[in-house]
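Enquirer: Whatever this is, show me its structure:
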Amino acid sequence: MSQSHLYQTRVEFRDTDAAGIVHFSVYFNYMEEAEHALVRAAGLEVFMEDEDGEFSWPRVAARCEYSAPYRFGDEVEVATTITKLSERSVTYHHEFRLEGKPVASGEITTVCCALGEGGTIRSRAMPSEVSERLAPFVVA
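Expert: Numbers count the residues shown, from 1 in each chain. Below you'll find the model as predicted:
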């Protein structure tokens with residue numbers, strides 16, 4: 001059975017726009033924070049190293065759809081699951097709620113990439129330990 005990871009934070013004044021609601025771009029920050037919290041809950045890190053060297057997870061796609069606003073001081077709840085776990089990529093799905101009611105939903109897709117000397121980045125297969133630790137968060 002799959003599980004979701006719940007991430008909570010509070011809307012800060014800096015996150016709001018002139019209308020007093022959370023600016024659309026801030027949701028992408030919340031999604032990244034929720035993703036990192038899930039990764040840590042799985043016993044992993046954003047930057048890791050194995051026998052093949054250092055690797056991390058650059059984003060290759062991101063989207064968010066909004067149905068209601070958050071305002072300054074609101075408690076942001078983000079339930080994160082994984083909708084796709086392949087040999088090289090992970091797609092995280094985020095459901096935003098306020099007091100149990102939907103606010104937004106979004107996805108971020110990351111690719112496992114080797115980090116080489118001189119700043120080179122190339123995709124690589126994720127280690128089996130990583131996919132095994134993420135597997136409990138995959139939804140059918």
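Enquirer: count of residues packed around the closest residue to Arg124 other than its chain neighbours?
Expert: Ranked by C-beta to C-beta, 6 or more residues apart in numbering and with sequence neighbours excluded, the top spatial neighbour of Arg124 is Ala114, at 4.6 Å. C-beta: built from backbone N, CA, C; applies to glycine. The burial count assigned to Ala114 is 16, neighbours taken as other C-beta atoms under 10 Å.
Enquirer: Name the helix or strand for Ala114, please.
Expert: In this structure, Ala114 sits in strand 113-115 according to DSSP states H and E.
Enquirer: and that strand, how far from the chain's centre?
Expert: Taking C-alpha atoms, centre = their mean, to the nearest Å, one finds the center of strand 113-115 at 18 Å from the center of the full chain.
Enquirer: Quick one: the strands in the protein, in order.
Expert: Listed in chain order, the strands of the chain (DSSP state E) span residues 5-10, 48-50, 53-56, 59-66, 75-85, 89-98, 101-111, 113-115, 121-123.
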